[in-house]
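Engineer: here is a sequence with its predicted model. Questions after.
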Amino acid sequence: MADPHASVWIPSLYACLYEPPLAETQRAAAEEAGHVAVIARDFSPRFEIDRDDLVSIDVSGLTRLLGPAQTIGEELRRAAADRGMRAHVAVAATRTAAMVLAQARPGLTVVVRGEEAAALAPIAIDILQKAAAATPAPISVFKSWGIRTLGELAALPAADLVSRLGRAAAVWQAVARGEDVRPLVPTLEEERFDFSLELEWPIEGLEPLSFVLTRVLEPLSTRLERRDRGAAVLHVILRLVTRDIYARRLELPTPMRDVRTLRTLALLDLESHPPPAAIDRVTVVIDPTPGRVLQHTLYTRAHPTPEQLSTLIARLGAVMGQDRIGAPATMDSYRPGAFAMKPFAVDHDINRGERRDRREERRSAISAPSAVNRDERLASALRRCRHPVPARVVVQDDRPVRVTTDRRGFTGGAVVRTAGPWRVSGDWWESAGGAGSHPFNRDEWDVALADGAVYVVFRDRDTDRWFIDAIVD
Amino acid sequence: MATLARADLETLLRDRKLDRTLTSTIPALDPADDAAIAPSGVPALDARLGGGFPRGHLSELVGPRSSARTSVLLKTLAAATARGELVALVDALDMLDVESAAAAGVELNRLLWIRGHVVPNPGFGRDVNQRALEQAIRAMALVLQAGNFGVVALDVADAPPLALRQLPFTTWLRLQRMVEGSPTVCVLIGSEPMARSSAGLTVRLGSGHASFGRRLFAGLDADARVLRARTHRHDEAPAPFSTVSPFCTAPALATLLTEQARHG
């Protein structure tokens, strides 16, 4: 007795729908009518959009529903005609054969199983330009060899062809023979990642919202994982009891789908921008992006993951302020102590290329002894007073001899050694510019005090006042 | 009997993970083990430290002004970034000179810089910067909790000692517990030792002697003395080292060259 649950093998059958370029007068009407993908979707969920004008459909199971291959092809043509399209349709046991025939022959072409190569044989070799667009074929080379049709290309010895033209030749020959080089990869409909939760009782405060957000984010995360997607932008839309909509938009630094991370980031954002009233509906919408592919290495130390770093930076921002966190950067400026802050990169694997460059640099440094010495020396560092500390400086013979200040923590005293002055000025060209400009014009000294402290002090030449600018440490 | 009681006590402490804070029974670290030791990049100091700063411990780098604390810290950060690690600096009083960091060789895009809020003139008798200190400690705790940073430094070198003493003692114990067992080097920069028994390593840098050339500030001559080290037997003899000044010399050299050119 046959097992009723046993799977039945259905021989593969593919249909291809090709919409040839139209004349200008017909184009507008065709665009209104729709796209080949719309017709494909009506027939099977397993279809692949190869180009805007070409679609391959897996019609293997349709023989039971519609009938033999000829009938399926006719139905497809009729559907296309109903939408105002004059489409070429080909049905074959291989996707490649159906694609080539649809592009080469008008009307409906149906190929008997096993006769694919024979059906393709008379087609001119120029069709490879369309059929194997991903790996452009050297048509002129084939023609110079006297190869004019796909049949003649298919008949060439494969090994000799590959040895002369490389691996791509195997693909061209497979196309000429009507053999599939890869399976059909169904084109999936762009999914919308959103989820809403209506609350019976309005909630106030972030703690209860945390549970609700988890509830909303969990199914979204599962769906993202299923589609190998990560969240690029997180929209948290809250409907308030006042009927107002309160929306927050979080651009995530790296694609992520970890529920805890997303929830923490959303909560931290809401902590700094709290909604003005109680919430009675929570909606989360995610803009998806392809997932991250990471290849870790055994030989370098583990870094914090982008999720950990994103959360850390959000938390630090809540404690210290967003403008106080980042990676420092030097500036092309003569202004002493000038610097810039950049966002701290959370995905340090993108710097692999740079790291390779650095290895190269290191290798070249080994061959240059002076470079090695430069690395080994310990550079004196400055501790910069972000707001220069006003000081009283006694000057004798044009040199500072005593430095004192009222600022707590700064000791003063007699100057035992000095170096300077070094005149520094800049941004004077912006002095008439207005609010944003801060011209500076100063004479700097390096002074060593009797207590061992070494300061960088300067006299502002415009105001004739002295300041401590930095501590050498 | 007394020996047995002590052994029992140590076992109990170890079970409760209290041995590292209350006793000194930590096995010595292998200086060649990159997973246990992070070299500072200052050879004289590394020799005294048995290879470098121990990972998973709270280390202190203390000393008066101009004793090269910041130079050593930046060199340690530079060494870590050169190894491909991420580093973080909690700059409680916002005193990092970015040019100095770049000159020390720190890869700036691998440095997470957390700048404290500092009020330049808090007013007579008030110290608003105490709040900056507390915020910095919170930030430090967050970074340590995130984990996997190579070096995390808290720079409170110019904070008033009184403000540091007002912090609860448990602050340092908590930080020590956070870093324990992690691959992170946690460094505190201050003028005086502050972590007390929580510190795994305390290095005091001696007051640097400023050396000047004919017209230029040349650098600092300093020395490092290991006051306390849980992970190895330490030598208390000072280790001298010196720094060279890349900043004071650059404009100075330019001036000198201009003068030389003018006088032929």
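Structural biologist: Done, it's in.

Engineer: so B:Ser242 is in contact with B:Asp223, correct?
Structural biologist: No: if you go by Cβ atoms under 8 Å, B:Ser242 and B:Asp223 don't touch, sitting 9.5 Å apart. All C-beta spots, glycine's among them, are computed from the backbone N, C-alpha and C.

Engineer: comparing the two, which residue is more hemmed in?
Structural biologist: The residue with more neighbours, out of B:Ser242 and B:Asp223, is B:Asp223; 22 against 19, by other Cβ atoms under 10 Å in any protein chain shown.

Engineer: for the host helix or strand of that one, which positions count as buried?
Structural biologist: Here B:Asp223, judged by DSSP states H and E, is contained in strand B:217-229. The neighbour-count check on strand B:217-229 (16 or more other Cβ atoms under 10 Å in any protein chain shown) flags B:217-220, B:222-226, B:228-229 as buried.

Engineer: neighbours around A:Gln129, how many?
Structural biologist: Applying other Cβ under 10 Å, we find 12 residues neighbouring A:Gln129.

Engineer: which residues does it contact?
Structural biologist: Going by Cβ atoms under 8 Å, 6 or more residues apart in numbering or on different chains, A:Gln129 touches A:136-137, A:139.

Engineer: related to what we said a few turns ago, can the strand holding B:Asp223 be found next to chain A?
Structural biologist: Yes: legend: contact between strand B:217-229 and chain A by Cβ under 8 Å from any Cβ of the partner chain is shown at B:217, B:219-220.

Engineer: avg pLDDT for stretch A:160-175?
Structural biologist: For stretch A:160-175, mean pLDDT is 90.

Engineer: likewise stretch A:319-334?
Structural biologist: For stretch A:319-334, the mean pLDDT works out to 90.

Engineer: now the end-to-end length of it.
Structural biologist: End-to-end distance of stretch A:319-334 (Cα to Cα, to the nearest Å): 33 Å.

Engineer: list the contacts of it.
Structural biologist: Contacting residues not belonging to stretch A:319-334 are listed as A:313, A:316-317, A:338-345, A:424-426, B:96, B:98-99, B:101-102, B:108-117, B:135, B:138-139, B:142 [Cβ under 8 Å, 6+ apart].

Engineer: residues contacting the longest helix along chain A, please?
Structural biologist: Looking across chain A with DSSP state H, the single longest helix is helix A:206-226. Residues from elsewhere that reach helix A:206-226 (Cβ under 8 Å, 6+ apart): A:191, A:193-197, A:199, A:203, A:230-231, A:236, A:257-259, A:262-263, A:266-267, A:270-271, A:274, A:279, A:282-284, A:286, A:288, A:291.

Engineer: just the buried positions in that helix, please.
Structural biologist: Using 16+ other Cβ under 10 Å as the test for burial, helix A:206-226 gives A:209, A:212-213, A:216-217, A:220-221, A:223-224.

Engineer: ok, stretch A:329-346 next?
Structural biologist: Judged by neighbour count (16+ other Cβ under 10 Å), stretch A:329-346 contains these buried residues: A:336-337, A:339, A:344-346.

Engineer: those: which ones sit near chain B?
Structural biologist: Among the buried residues of stretch A:329-346, chain B is touched by A:337, A:339, A:344-345 when using Cβ under 8 Å from any Cβ.

Engineer: stretch B:186-195 close to chain A?
Structural biologist: No: Stretch B:186-195 does not reach chain A (Cβ under 8 Å from any Cβ); its nearest approach is 9.3 Å.

Engineer: buried residues in that stretch?
Structural biologist: For stretch B:186-195, a neighbour-count test (16+ other Cβ under 10 Å) marks B:186-191, B:194-195 as buried.

Engineer: which of these sit farthest apart?
Structural biologist: Greatest spatial distance in the buried residues of stretch B:186-195: B:Cys186 and B:Ser191, 18.2 Å, computed using Cβ to Cβ.

Engineer: quick one: contacts for residue 187?
Structural biologist: Looking at chain A here, since you left the chain open. Listed by Cβ under 8 Å, 6+ apart, the contact set of A:Thr187 reads A:37, A:47-49.

Engineer: should've been chain B
Structural biologist: Contact partners of B:Val187, counting by Cβ under 8 Å, 6+ apart, are B:53, B:59-61, B:73, B:76, B:151-154.

Engineer: give me the phi and psi angles of it.
Structural biologist: phi -120, psi 130 (degrees, to the nearest 10).

Engineer: please report how far the nearest residue to it once chain neighbours are set aside lies from B:Trp113.
Structural biologist: Leaving out its chain neighbours, the residue that sits closest to B:Val187 by Cβ to Cβ, 6 or more residues apart in numbering or on different chains is B:Ala153, at 4.4 Å. Distance of B:Ala153 to B:Trp113, given as Cβ to Cβ, to the nearest Å: 10 Å.

Engineer: over to A:Ala119?
Structural biologist: Relative to B:Trp113, A:Ala119 is positioned 68 Å away (Cβ to Cβ).

Engineer: follow-up on the earlier one: so which of the contacts of stretch A:319-334 belong to helices?
Structural biologist: Members of these lying in helices (criterion: DSSP H): A:313, A:316-317, B:98-99, B:101-102, B:135, B:138-139, B:142.

Engineer: about what we covered before: partner strands of the helix or strand containing the residue nearest to B:Val187, with direction?
Structural biologist: Applying DSSP H and E as the criterion places B:Ala153 in strand B:151-155. Within its sheet, and counting by DSSP bridges, strand B:151-155 is paired with strand B:87-91 (parallel), strand B:185-190 (parallel).

Engineer: now the element after the longest one, going C-ward?
Structural biologist: Put plainly, it is strand B:185-190. Moving toward the C-terminus from strand B:185-190, the next element (DSSP H and E) is strand B:201-205.

Engineer: give me the mean pLDDT for the following helix or strand past that next one.
Structural biologist: Counting by DSSP H and E, the next helix or strand C-terminal to strand B:201-205 is strand B:209-212. The average of the pLDDT scores along strand B:209-212 is 85.
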